[in-house]
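J.: dropping the sequence and predicted coords here.
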Amino acid sequence: MPAKNGVTAALLVEAGGSGVDDVFSGADNFFQAFVPRNDPSMLVEKLGERYEITRTNVKKWTVGAPIQAPLDALEILLKTHRFEPDQVKQVVVRVAANESKIVNNREIPDICLQHLCAVMLLDKTVTFKSAHEEARMTDPAVLRQRAKVQLVPDQALEDFMPRRAAIVEVTLMDGKTVSERVNDVRGTSENPMSRDELIAKARDLITPVLGAATFGKLVDRIFDLEHLKSVRELRPLLQRG
């Protein structure tokens with residue numbers, strides 16, 4: 001979206017659009033628009049030391065933001081305790097109170113917390129395809145797992161915002177209970193994804209469109225940008241043949 005907005009701005013200027021010379025001064029400037037939540041000193045804070053691009057958040061899961069931490073926590077539990085869906089009696093998911101309203105039993109798969117937790121139990125992961133597959137919303141196997149998932153609005157986690165924390169508690173058929181709390185969602189600047197995780201997400205999104213061979217070449221070029229003579233060299237790798 002930021003890249004799209006940048007291109008749109010350039011096209012508006014080319015078409016003759018005008019704007020203010022400086023958004024940080026004059027009438028109705030940026031600081032006035034965000035009163036009282038602003039601090040002009042932040043404009044030069046750690047200038048030349050801290051680069052915001054390195055603090056970019058990248059979603060690990062292609063789902064609604066309030067579901068990121070729950071999926072993180074459930075994945076950790078699955079990898080740590082290695083239980084199977086039929087061994088699970090109940091899954092209790094706690095998220096911020098207001099956030100819970102956004103994802104509680106929604107009709108759209110990628111923003112339905114209960115549905116995506118069920119998919120995670122069955123698949124041990126959530127992909128772009130599985131998160132958007134409407135047919136699985138009525139799959140009996142998914143519905144059996146979904147019935148075990150209970151969403152609990154948690155005011156303490158609401159007070160923790162804007163960090164989207166979650167607590168997931170899994171009770172197994174043998175009575176054992178395991179839980180995991182995630183304070184920093186995987187992919188945020190506080191808990192960044194590894195290069196391999198970033199490539200894995202990109203592969204999941206890009207390969208179905210451009211193919212595995214093109215994706216491989218694109219990754220190689222992206223991680224060797226300093227030797228790229230022109231950004232135009234990327235164009236053939238960003239479009240279908």
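T.: Now that the structure is in, tell me what you want to look at. Numbering: from 1, shown residues only.
J.: from here on, just use CA atoms for contacts and neighbour counts.
T.: OK.
J.: hey, what's L172 bridged with?
T.: Following DSSP bridges, L172 is listed with bridge partners V88.
J.: gap between it and E84?
T.: 10 Å (CA to CA, to the nearest Å).
J.: looking at those two, which one has more neighbours?
T.: L172 (18 against 13; other CA atoms under 10 Å).
J.: hey, which helix or strand in the protein has the poorest pLDDT?
T.: Within the chain, no helix or strand scores below helix 30-33, which has a mean of 86 by mean pLDDT, DSSP states H and E.
J.: give the next helix or strand downstream of it.
T.: Using DSSP states H and E, the helix or strand that follows helix 30-33 towards the C-terminus is helix 68-81.
J.: what comes up buried for that next one?
T.: Of the residues in helix 68-81, Q68, A69, P70, L71, D72, A73, L74, E75, I76, L77, L78 count as buried by neighbour count, 16 or more other CA atoms under 10 Å.
J.: go on, stretch 183-191?
T.: The neighbour-count check on stretch 183-191 (16+ other CA under 10 Å) flags N183, D184, V185, R186, G187, T188, S189 as buried.
J.: F215 versus the nearest residue to the first one once chain neighbours are set aside, what's the distance?
T.: Yep, that's N183 we're talking about. Among residues not flanking N183 along the chain, A165 sits closest, at 4.4 Å (CA to CA, 6 or more residues apart in numbering). A165 sits 33 Å away from F215, going by CA to CA.
J.: quick one: which of those two has more around it?
T.: Neighbour comparison, A165 and F215: the larger count goes to A165, with 24 against 21 (by other CA under 10 Å).
J.: cool, thanks, signing off.
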